[in-house]
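Undergrad: got a sequence here, can you model it:
(one chain, ligands or ions: 1)
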Amino acid sequence: MAAIVMDGNALRDEVVAGLATTIESLGSPKICLATVLVGDDGPSRRYVNSKHKKAAEAGMVSRHHELGQESTQEEVEAVVRELADDPSVHGILVQLPLPDGLDPEPVLDLVPAEKDVDGLTERSMGRLVRNRPGLVSCTPLGVMRLLEKYDVPTSGKRAVVIGRSTLVGLPLSLLLNRKGADATVTMAHSRTADMGAVVREADIVIGAAGQARMITADMVKPGAAVIDVGVSRTEAGIVGDVDYEPVAEVAGWITPMPGGTGPMTIACLLENTLTAAELQGVVERR
Ligand code: GUN
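TA: Below is the predicted model:
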């Protein structure tokens, strides 16, 4: 039986429409998302453009700062410092990866926790680990929203997260594990022995390794939910971690690529921006 396709575009549209209604009901305050793009990577530029387009649909304003490929660490940090100090900016997103030679860590640490719509600073990550309220990385949040929307059971289920990045794998493992979701989580990675056997145990498989089509049908337990977060640039174009067509014959649920987790990252970025504005006392939602 073919898997249920988890439509990230449809859920993103629902979330964005909900945000637009909420923001209008609040008297349309100027909630501002600022993005910083360094260098001339085409896919990164396209991601950032869609973030601005969807921000406008949600009734937010946005601002974009672009720095050249040859920018210095100091130049990038100066832009982020300025945005951090600007009270008219509520969310800051520094598009990653930065060009070679630039260190993202000190740049990210300049983002104040209440403007950290990417959830990547030490304070935001610390809050997630300590299970305190705070802003959480958008892609993991988007995956959780998809699982909820499609009623994928998580409690007591086995989840395998492949990839241990601070942007996706690590925070998503924590979200799946924490109270409410209650999955039993295995964190797998490039050094995991017998990946096939590990993945076959899972009711929920998250591909976040950036290894083109590494999750094949023989690795998937029949009926499992298979979520693709991987992005690999190949000669055949951008492909995910999941060997989609054969896996869709075995899985119970599957995310398409594109049109699965990518749009949900944007939806959750905008939700985080509204939350950031709340944290800064700009709006009061509840
Ligand atoms: N590059 C790819 N995905 C992301 C993301 O979610 N946030 C940032 N800042 N950069 C990215």
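Undergrad: doesn't Glu114 make contact with Ala84?
TA: No. Contact between Ala84 and Glu114 fails when scored by C-beta atoms under 8 Å: they sit 10.1 Å apart. In short, each C-beta sits where N, CA and C put it, glycine included.
Undergrad: higher neighbour count, those two?
TA: Higher neighbour count among Ala84 and Glu114: Glu114, with 19 against 15, using other C-beta atoms under 10 Å.
Undergrad: burial count for Ser155?
TA: Residues within reach of Ser155, counting by other C-beta under 10 Å, total 10.
Undergrad: report the contact partners of Leu176.
TA: 144, 154, 159, 161, 183, 185, 204 (C-beta atoms under 8 Å, 6 or more residues apart in numbering).
Undergrad: for the residue in the chain that the ligand sits nearest to, which non-adjacent residue is closest in space?
TA: Distances between the chain and the ligand by C-beta to the nearest ligand atom are smallest at Leu96, namely 3.7 Å. Among residues not flanking Leu96 along the chain, Pro104 sits closest, at 6.1 Å (C-beta to C-beta, 6 or more residues apart in numbering).
Undergrad: same deal with Leu146?
TA: Leu146 sits nearest to Met6 (C-beta to C-beta, 6+ apart), 5.0 Å away.
Undergrad: from Ile204, how far off is that neighbour?
TA: For Met6, the distance to Ile204 equals 12 Å [C-beta to C-beta, to the nearest Å].
Undergrad: go on, Leu147?
TA: Separation of Leu147 from Ile204 (C-beta to C-beta): 7 Å.
Undergrad: how about Leu167?
TA: From Leu167 to Ile204 the distance is 19 Å (C-beta to C-beta).
Undergrad: between these two, which is the more surrounded one?
TA: A direct count of neighbours by other C-beta under 10 Å for Leu167 and Ile204 places Ile204 higher, at 25 against 20.
Undergrad: where in the chain is pLDDT low?
TA: Counting by pLDDT under 70, the ranges of the chain that qualify are 1, 286.
Undergrad: got the residues of the stretch 1-150 of the chain near the ligand?
TA: 93-96, 118, 138-139 (C-beta under 6 Å from any ligand atom).
Undergrad: which among those residues count as buried?
TA: The neighbour count (16 or more other C-beta atoms under 10 Å) marks 93-95, 118, 138-139 as buried among these.
Undergrad: restricted to helices, list those.
TA: 138-139 (DSSP state H).
Undergrad: does the ligand sit close to stretch 223-238?
TA: No. Stretch 223-238 stays clear of the ligand (C-beta under 6 Å from any ligand atom), getting no nearer than 7.5 Å.
Undergrad: checking Leu270 next. Helix, strand or coil?
TA: Following DSSP: H, G, I helix; E, B strand; the rest coil, Leu270 is assigned to helix.
Undergrad: next one: the closest residue to it other than its chain neighbours from Asp7, what distance?
TA: Nearest residue to Leu270, sequence neighbours excluded (C-beta to C-beta, 6+ apart): Ala58, at 4.9 Å. Ala58 is 19 Å from Asp7, where distance means C-beta to C-beta.
Undergrad: show me which of the two is the more surrounded one.
TA: Taking neighbours as other C-beta under 10 Å, Ala58 and Asp7 compare with Ala58 leading, 25 against 18.
Undergrad: can you list contacts of stretch 112-128?
TA: For stretch 112-128, using C-beta under 8 Å, 6+ apart, the contacting residues are 33, 83-84, 89-94, 108-109, 111, 133-138, 166-167, 171, 174-175, 269, 272-273, 276, 279-280.
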